[in-house]
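Visitor: Prediction below, plus the sequence it came from.
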Amino acid sequence: MKYWEKTISNKVSSSLIAIGCAALWGSAFPVLKVAYREFGIEQAVSGRILLAGIRFFLAAMLLFLFSMKSKESISKLGWKHIAYLLLLGIFQTTLQYYFFYNGLANTTGIKASVLASSGTFFMVLLAHFAYTDDKLSPAKLIGLITGLAGIVLVNWGKDFSWSFTLKGEGFLIFTGIANAVGTVIAKKMAKDIHPFRVSAFQMLFGSVLLMIIAYSSEEKPMLQFTALGGWLLIYSAFLSAIAFGMWYALLKYHKAGEITIFKFIIPVSGSILSAIFLPEEFFSFSIIVALSLVSVGIFSVNKKRE
């Protein structure tokens, strides 16, 4: 077994990589919040979708560069592979971020954070039926419950209501479903194709569709480019390339249900990083408790991993 395969399949190192991916995705919260202001699209959904399309297109180009050292040849990809990669791009990038950005515009912050994390629940449940070696267990249920409790706690005190609309809360649930389905497809593809290449192709296909959707909307997207906005866009592309590429590598060697639980770290790390870099955000005791609950959930799910 190669050094890379030993590292990615090792229990400790794979957990650290999963935490790193979640932290990178969490950093997108403060980065995009500032980027929206810089590009003048805080209230423009079509502008956000366009920015997401550009972000993932750049990330795809970066991953193609990273994967050039791979011995695999693009010419080896058959039409069946292309069809699956296109399907993955539709679920993992186009649908997930279309529903997320539109749902986010029609609900409160706490509900968006909790409902967007529903993908972890759907993935664990889907893994129970999709894989014979990834069944639902009491430990996983405990992990899901404590992880969700952590996300609710980190958002405690923010605006919350029990209202439900299709284009708000409904879209965020669709976000979770799209993420779960995309994860299953990604795990299947990573067995045959280098994970970086899987991620590159899905983001390429998904990003192009996002840009088409943005320009097809009645509200024509307009981005006001600034130097800071440009650097934040580049950083968000880098974090997407690294996080998605490494995440798909983890899916290749580990059970999807056990790896996905680490995604509960994303909203918690996002809150911590927002408190560090955004003046309007601040640390609270609930963030520390939330991180502890998420950690308990992760340990509960993964304590029996071999």
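Guide: Received it, and whenever you're ready, just let me know what you need. Worth saying up front: this structure is predicted, and the values here are computed from it rather than measured. Numbers count the residues shown, from 1 in each chain.

Visitor: CA atoms for contacts and neighbours, from now on please.
Guide: Noted.

Visitor: distance of F57 from P279?
Guide: Applying Cα to Cα, to the nearest Å, the value for F57 to P279 is 30 Å.

Visitor: out of the two, which sits in the busier spot?
Guide: Under the neighbour definition other Cα atoms under 10 Å, F57 and P279 were set side by side, and F57 has more, 25 against 8.

Visitor: Show the contacting residues for the more buried one.
Guide: M203, L204, S207, V208 (Cα atoms under 8 Å, 6 or more residues apart in numbering).

Visitor: residue ranges for the helices of the stretch 1-150 of the chain, please.
Guide: Along the stretch 1-150 of the chain, counting by DSSP state H, counting those that start in this stretch, helices occupy 3-9, 11-39, 45-66, 79-89, 96-104, 109-116, 118-130, 138-154.

Visitor: Which among those helices is found nearest to I261?
Guide: With distances scored as Cα to Cα, the stretch of the helices of the stretch 1-150 of the chain nearest to I261 is helix 118-130 (6.2 Å).

Visitor: For the closest one, which outside residues touch it?
Guide: Contact with helix 118-130 is made by 134-136, 144, 173, 175-181, 183-184, 256-258, 260-261, 263-264, as judged by Cα under 8 Å, 6+ apart.

Visitor: rerun that using 7 Å as the cut-off
Guide: Contacts with helix 118-130, where a contact means Cα atoms under 7 Å, 6 or more residues apart in numbering, come from 134-136, 144, 173, 176-177, 179-180, 256-257, 260-261, 263.

Visitor: Now do the buried residues in it.
Guide: Residues of helix 118-130 classed as buried under the neighbour-count rule (16 or more other Cα atoms under 10 Å) are S118, G119, T120, F121, F122, M123, V124, L125, L126, A127, H128.

Visitor: Can you tell me the number of residues neighbouring the residue nearest to the second one when sequence neighbours are not counted?
Guide: Which is G119. With Cα to Cα, 6 or more residues apart in numbering as the measure, G176 is the residue that lies nearest to G119, at 3.5 Å, once sequence neighbours are left out. By other Cα under 10 Å, the residues close to G176 number 24.
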